[in-house]
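Q: Here's my sequence, what's the structure:
(chains A and B)
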Protein chains: 2
Amino acid sequence: MIEAALAELRALDREARLLEHTVAILSWDQETGMPEGAVEERSEQLALLQSLVHQRDAHPRVGELLDQLDQLEESDPFVREKRRQYEKQTRLPDRLVRELAETASRGQNVWVHARRDDDFASFAPWLEKLVAINREVADHLGYEETRYDALLDQYEPYATTAEVTRVFRELRQGLVPLVQRIGAAEQVETDFLRRGYPVDRQRAYSERLMNVLGYDLERGRLDLSAHPFTTTLGTSDVRITTRFDEHAPESGIFSTIHETGHALYELGTGKDLAGTLLAEGTSLGIHESQSRLWENMIGRSRPFWKAHLPALRELFPDQLGDVDPERFYRGINRVEPSLIRVEADEVTYSLHVILRFELEQALIAGDLPVAELPGAWREKMRDLLGIEPDTDAAGVLQDVHWSMGAFGYFPTYALGNLYAAQFLQVMEGEIPRMWETIAAGDTAPVLAWLRERIHRYGKVKSAGELIQEITGGPLKPEAFLDYLAAKYEDIYGKG
Amino acid sequence: MIEAALAELRALDREARLLEHTVAILSWDQETGMPEGAVEERSEQLALLQSLVHQRDAHPRVGELLDQLDQLEESDPFVREKRRQYEKQTRLPDRLVRELAETASRGQNVWVHARRDDDFASFAPWLEKLVAINREVADHLGYEETRYDALLDQYEPYATTAEVTRVFRELRQGLVPLVQRIGAAEQVETDFLRRGYPVDRQRAYSERLMNVLGYDLERGRLDLSAHPFTTTLGTSDVRITTRFDEHAPESGIFSTIHETGHALYELGTGKDLAGTLLAEGTSLGIHESQSRLWENMIGRSRPFWKAHLPALRELFPDQLGDVDPERFYRGINRVEPSLIRVEADEVTYSLHVILRFELEQALIAGDLPVAELPGAWREKMRDLLGIEPDTDAAGVLQDVHWSMGAFGYFPTYALGNLYAAQFLQVMEGEIPRMWETIAAGDTAPVLAWLRERIHRYGKVKSAGELIQEITGGPLKPEAFLDYLAAKYEDIYGKG
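A: You can find the predicted model right below:
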């Protein structure tokens, strides 16, 4: 009885996941190479496929099977996550799902023009609608303390607003003075990064890096797109994209490493989970911990470039012939408050996130009218980073997330930094001679550790469970702050 | 009542076509860039999507609606073709559809190894099964005279075995002596084609050619694959693939032109048909007429290379500096009996097809036991082309079609030649100064003529209707034979 119900539930899940991967293939194609003329019909194809996924995940039969299996909900992660998914899919009335999708689609379009024209007023009514819809979404999904809990849970399952608020408060208290100390010190030199790096050779180097990091290209590939991303098209088909700028080679290098970190996580889920809803990253925060650990903690470390600068210099002898590993290391770790989140360095980045977290909470709580948002943005930029944008395009309009109706997404970026530093601390203790091995060009022990402790579990363990089991304690910002202090006092001096 | 039924039928068709295009996207990706590791899951995805298409096209509701609309079947091509599709989809029992799919899938796999190892015996039992299944398929589909009628109709709708047999007999009678006359003449020189043509520049030239021929790259793209093909991923998304051989530039050039011919047809279907089952080529024979007209009749003509050789010479000055248009023209029109169909020239090609047409008819009729097939193949090669293969790999095992369970497909290749020549004759009379215009680098009038007379109709008009309306008579081989005789007597002399 139980076994038959479980088998049926697995079969239903399997079909939905196959269709979900089909959606990923269509989206990947749209971002990487689809002819322009195909945009409109591709939207229709995507909407149809997404509705087929939804029909399956929200099918009444799924509810019946879950009721039959309710005694397994605590012990079987598959049943637990199917229940969570089913509730999320069925609690929202169709009317609201459609309203959100349509408003987000049109809102995003308005946002594109508003950002281009630096015209917040034209976007404001859409943002108001999206805030209102998200409040309603939260009411349907349900929450313990605040509406924002329900929204956050969509991206960082089982996390609470209270916990994130507490952790971010400490993080902010540590970061602001660190940024000020660095700002008072002598700036590092980055001229050699502006010497012109032909894009085809940058690409060759990126593919080399993917290999070096253990990304199996029989299970993935690299393409170009306007915004780098990672996407899972199948159990053995996880692809990344990047972009190359002839006059900023670090952009392509580090976005490749970043996306490789995401891809390694997706490719590392256990074989026993293959093809089920458990075979993916457990939260966006943990996902981001993987990309940022590889990008910043490994990829922007001295030992890493001790191993890998020679190959880069071989490809770019004119540009890097006179650049030794130390100069390169300092150049790629330049810290400077800036206006745009996606261009921010490792130290200031989390402050951009905290700003958005605070503002979107206030929007959802109804404490901040949309009309006052641009002013609030500038004020917080001054408080957190000591600079403020001249335009809304370089301020409140810079990110796509809110225009897509995504509230509760931003904090996961900074949570990734914190998780990563906590994992790194444990890893350094457990992998013998870790940095020496990395300096010798071998990151395999790092990947093996991540696979063993994190990747293979997919969604079997929540972010909170992972951090508790691996570090013996909860999420906290100390490890990240200690990591930054040590690294940047070494580069910029004690100030 | 009628209007509501028609609207519902159109909506059902629309969803099936969107899913069908999704299948095309998945297949395109599989052939062009999918990581190797993804093969197995991609098969699952494809099987699922194909079953979703079938469920929609064979849905009982479609049958009910068609019954309500039966008075429109003669006047409305949409209703007529939906009825045909519905009958084809519902007449085959599920058991048989699955059996065919599984046997074809496994048979194709066995064939790959059999061809590699030149081991017909290992493939023979699979071929026997596939013949038996196809006989059963024909019995379920129904036919007027012979089982082969039902199979042929899958690829060349409304064509009959009797008509094709009659036409091919005349074609054969004209071709065999022509090939013999050419064989007795002095061979043309092709050394300059073996000088080494770097592949990246070949690709640049192919993209240039696509542009020149009017293939709008905002509605398509070029990629590489093992076997060139054209595929429709959406109303405004028709893609081609090709392959390049450094030591045979003509291979890439003419497969690009060939596939461009297919793509122009698909892109040229009328806006009023967009997104329906009518928005595709009306038969494989007519499709092939478009690809071969562009590849051979336009693309291998003197006037075409008068216009386009200069750009090719600019890209390959070392290889073509001493080659004038006449030498180039003669080189790309070399005729010589050979063993492999896909490498055959314009004159001998149809004889390869006639051989397969005769053999597969005999197999389906039960007149030729599979065990005797290799011998029959060699005998027919001698009769038709005067040569015979040393191995089955270069003989009966060379083509994939039978291993996929496709019987009735081959004749469409030669029908394409005949249709193309018949269209060309009319076109030459209707387009003022056609060849002078082509010699001046302008093929737009040719494309405009094809769009107006053929492309825009999609499946609204059958192959037979098109040929009757355009030429005032039925399918016949004279135009093609006259075209070949004139062209090759000019190149090889009267013999």
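Q: At the geometric centre of chain A, which residue do we find?
A: A:Glu288 (4.3 Å; CA atoms, centre = their mean).
Q: and A:Val353, helix, strand or coil?
A: With DSSP: H, G, I helix; E, B strand; the rest coil as the basis, A:Val353 sits in helix.
Q: Name the nearest residue to it, sequence neighbours excluded.
A: Of all residues not flanking A:Val353 in the chain, A:Ala414 sits nearest, at 3.9 Å (CB to CB, 6 or more residues apart in numbering or on different chains). In this view, the C-beta of every residue, glycine as well, is placed from N, C-alpha and C.
Q: That neighbour and A:Leu171: what is the separation?
A: Between A:Ala414 and A:Leu171 the computed distance is 7 Å (CB to CB, to the nearest Å).
Q: Now list whatever residues contact both of the two.
A: Applying CB atoms under 8 Å, 6 or more residues apart in numbering or on different chains, one finds that A:Ala414 and A:Leu171 are jointly contacted by A:Ser350, A:Ile354.
Q: more neighbours, those two?
A: More crowded of A:Ala414 and A:Leu171, by other CB atoms under 10 Å in any protein chain shown: A:Ala414, with 28 against 24.
Q: Can you tell me the element A:Val238 falls in?
A: strand A:237-242 (DSSP states H and E).
Q: need the next SSE after that strand, C-terminal direction.
A: Downstream of strand A:237-242 (by DSSP H and E), the next one is helix A:249-267.
Q: CA-only coordinates of that following helix in CSV, if you can.
A: This file holds the C-alpha atoms of helix A:249-267, laid out as CSV (Å, rounded to 0.1, in the frame of the first residue of the first chain):
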residue,chain,number,x,y,z
PRO,A,249,39.6,39.8,-18.1
GLU,A,250,38.8,39.3,-14.4
SER,A,251,35.1,39.6,-15.3
GLY,A,252,35.1,36.5,-17.5
ILE,A,253,37.6,34.5,-15.3
PHE,A,254,35.6,35.0,-12.0
SER,A,255,32.2,34.6,-13.5
THR,A,256,33.4,31.3,-15.0
ILE,A,257,34.7,30.2,-11.6
HIS,A,258,31.5,31.4,-9.9
GLU,A,259,29.2,29.5,-12.3
THR,A,260,31.4,26.5,-12.2
GLY,A,261,30.8,26.5,-8.4
HIS,A,262,27.1,26.3,-9.0
ALA,A,263,27.4,23.6,-11.7
LEU,A,264,29.6,21.4,-9.5
TYR,A,265,26.9,21.5,-6.8
GLU,A,266,24.2,20.5,-9.2
LEU,A,267,26.4,17.8,-10.8
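Q: What helices and strands are in contact with the helix or strand where A:Tyr86 lies?
A: Using DSSP H and E, A:Tyr86 sits within helix A:77-91. Identification of packing neighbours for helix A:77-91 by 3 or more CB pairs under 8 Å, 6 or more residues apart in numbering or on different chains; DSSP states H and E yields helix A:2-32, helix A:39-57, helix A:60-68, helix A:120-141.
Q: What residues sit buried inside the first one?
A: Under the neighbour-count criterion of 16 or more other CB atoms under 10 Å in any protein chain shown, helix A:2-32 has A:5-6, A:8-10, A:12-32 buried.
Q: Would you mind giving the domain segments of chain A?
A: A:2-91, A:124-495 (automatic domain parsing).
Q: export these to CSV and tack on distance to B:Lys306 and mean pLDDT?
A: As requested, the domains of chain A are exported to CSV (distance: least, CB to CB, whole Å; pLDDT from 0 to 100):
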stretch, distance to B:Lys306, mean pLDDT
domain A:2-91, 31, 95
domain A:124-495, 35, 97
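Q: Minimum distance to B:Ala47: which of the ones you listed has it?
A: domain A:2-91 (9.2 Å; CB to CB).
Q: can you give me how far the closest one is from the chain middle?
A: 22 Å (CA atoms, centre = their mean, to the nearest Å).
Q: quick one: terminal-to-terminal distance for that domain?
A: 25 Å (CA to CA, to the nearest Å).
Q: Tell me the buried residues in the helix holding A:Tyr86?
A: Neighbour-count burial for helix A:77-91 [16+ other CB under 10 Å]: A:77-86, A:88-90.
Q: And those residues, which is closest to B:Ala485?
A: A:Gln89 (68.3 Å).
Q: I figured the closest one hits A:Asp57, correct?
A: Yes - between A:Gln89 and A:Asp57 there is a contact under CB atoms under 8 Å: 4.8 Å.
Q: so how far is B:Gly441 from A:Arg147?
A: From A:Arg147 to B:Gly441 the distance is 66 Å (CB to CB).
Q: who has more neighbours, the two?
A: Neighbour count, other CB under 10 Å: between A:Arg147 and B:Gly441, A:Arg147 has more, with 23 against 15.
Q: what about the residue nearest to that one when sequence neighbours are not counted, distance to A:Leu92?
A: Once flanking residues are discounted, A:Arg147 sits nearest to A:Ala138: 3.7 Å by CB to CB, 6+ apart. Distance of A:Ala138 to A:Leu92, computed by CB to CB: 10 Å.
Q: can you check A:Thr146 too?
A: Using CB to CB, A:Thr146 is found at 19 Å from A:Leu92.
Q: quick revisit: let's have the domains of chain A in TSV, adding distance to A:Asp117.
A: Shown next, in TSV, are those (distance: least, CB to CB, whole Å):
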stretch	distance to A:Asp117
domain A:2-91	22
domain A:124-495	8
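Q: so which of the ones you listed gets nearest B:Arg292?
A: Nearest of those (CB to CB): domain A:2-91, 25.0 Å.
Q: Quick check: A:Ala185 touching A:Glu336?
A: No - look at A:Ala185 against A:Glu336 with CB under 8 Å: they stay out of range, at 11.1 Å.
Q: Give me the angle between the helix or strand hosting A:Ser291 and helix A:249-267.
A: Under the criterion of DSSP H and E, A:Ser291 resides in helix A:284-292. Interaxial angle, helix A:284-292 versus helix A:249-267 (axes from the mean of the first three to the mean of the last three CA atoms, to 10 degrees): 130 degrees.
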